[in-house]
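Peer 1: curious how this folds, go ahead:
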Amino acid sequence: MTAKPDPQRQNVLAAVRRGLARTGPAAAPVWPVEPPLIPAAARGDGDLIARFTAAAEAAAASVERVAGPDALGPAVAAWLTARNLPGELAVAPDPALDPAAAHGLLTVRRGTAGPGDLIALTRARLGIAETGSLLLTSSPETPTGLNFLPDFHLVALDASAVVATLEDAWARLRQDHAGGWPRTVNLVAGPSRTGDIEQTIQLGAHGPRHLHILLVESR
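Peer 2: Next up is the predicted model:
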């Protein structure tokens with residue numbers, strides 16, 4: 001026997017539908033940006049690249065300086081060879097990574113992450129010197145899955161994209177994406193880890209076991 005619709009319920013739902021009716025999509029709320037209470041906090045002194053490198057290595061990442069985009073492929077191949085790793089890797093379809101993807105000693109698959117990917121090469125949007133963190137944004141050219149599924153994550157970061165603080169990173173992101181923010185923004189500091197099991201740090205619990213950052217100098 002089919003239950004009859006409840007007229008009161010139907011009336012309520014109809015009123016809700018009428019109340020939500022719009023002539024177009026609703027704009028996301030935009031809140032004014034307030035400066036930090038202590039604008040100079042955590043800025044520190046000295047070279048941003050040196051501070052970023054020290055903080056990233058303290059978080060168990062490794063950092064390598066690369067002379068330019070054309071040197072990225074040889075640097076990746078040398079890093080893999082030194083660790084007896086295969087030269088097969090997934091590379092994000094970012095045009096900035098095209099020189100690396102074309103390197104003759106690498107077997108490359110471009111696109112999103114797959115279940116069999118052991119190694120991935122992606123590109124970070126920004127680096128943050130105070131924490132050694134990478135700011136990663138999602139786009140068709142930078143699929144998020146490559147940042148977390150492979151065991152070995154190699155990340156190209158333009159040396160000019162290293163900023164002093166997290167506040168500086170948000171300011172740069174707001175400036176570059178004024179017309180609409182990326183769907184996903186991730187902050188990554190070092191390889192994935194957990195201490196949930198007997199308070200012993202285990203790497204690779206929720207993501208890559210190794211994070212290698214390639215700081216790419218300008219041409």
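Peer 1: how about low-confidence regions in the chain?
Peer 2: 1-3, 21-31, 33-45, 192-207, 219 (pLDDT under 70).
Peer 1: list the buried residues in the longest helix anywhere in it.
Peer 2: Using DSSP state H to assign secondary structure, the helix with the most residues in the chain is helix 7-20. For helix 7-20, burial by neighbour count (16 or more other Cβ atoms under 10 Å) applies to no residue. All C-beta spots, glycine's among them, are computed from the backbone N, C-alpha and C.
Peer 1: check which element follows it along the chain.
Peer 2: helix 48-58 (DSSP states H and E).
Peer 1: elements contacting that following helix?
Peer 2: If contacts are counted by 3 or more Cβ pairs under 8 Å, 6 or more residues apart in numbering; DSSP states H and E, helix 48-58 sits against strand 62-66, strand 126-128, strand 162-163, strand 210-216.
Peer 1: what angle do that helix and strand 62-66 make?
Peer 2: 150 degrees (axes from the mean of the first three to the mean of the last three Cα atoms, to 10 degrees).
Peer 1: can you tell me, leaving aside adjacent residues, what's nearest to the residue most central in space within the chain?
Peer 2: Geometric centre of the chain, nearest residue: Leu136, 2.1 Å, by Cα atoms, centre = their mean. Closest residue to Leu136 apart from its sequence neighbours, by Cβ to Cβ, 6 or more residues apart in numbering: Asn186 at 4.5 Å.
Peer 1: ditto for Ala96
Peer 2: Arg123 is the one closest to Ala96 (Cβ to Cβ, 6+ apart), at 5.6 Å.
Peer 1: surely that neighbour and Leu157 touch.
Peer 2: Yes: the pair formed by Arg123 and Leu157 meets the contact definition of Cβ atoms under 8 Å, at 7.4 Å.
Peer 1: mutual contacts of the two, please.
Peer 2: Here Arg123 and Leu157 have no joint contacts, going by Cβ atoms under 8 Å, 6 or more residues apart in numbering.
Peer 1: which one of the helices and strands packed on helix 48-58 lies nearest to Leu106?
Peer 2: strand 210-216 (13.5 Å; Cβ to Cβ).
Peer 1: could you list the buried residues of the closest one?
Peer 2: Buried, per 16+ other Cβ under 10 Å, within strand 210-216: His210, Leu211, His212, Ile213, Leu214, Leu215, Val216.
Peer 1: now distance to Ala67 too, for those residues, in a markdown table please.
Peer 2: Formatted as a markdown table, the buried residues of strand 210-216 follow (distance: Cβ to Cβ, whole Å):
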| residue | distance to Ala67 |
| --- | --- |
| His210 | 23 |
| Leu211 | 21 |
| His212 | 17 |
| Ile213 | 15 |
| Leu214 | 11 |
| Leu215 | 10 |
| Val216 | 8 |
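Peer 1: quickly note the distance from the nearest residue in space to Leu126 that is not next to it in sequence to Arg125.
Peer 2: In space, and not counting its chain neighbours, Leu126 is closest to Leu135: 4.1 Å by Cβ to Cβ, 6+ apart. As judged by Cβ to Cβ, to the nearest Å, Leu135 and Arg125 stand 5 Å apart.
Peer 1: anything in contact with each of those two?
Peer 2: With Cβ under 8 Å, 6+ apart, Leu135 and Arg125 have common neighbours Leu173.
Peer 1: returning to what we had before: run the chain-centre distance for the longest helix of the chain.
Peer 2: 43 Å (Cα atoms, centre = their mean, to the nearest Å).
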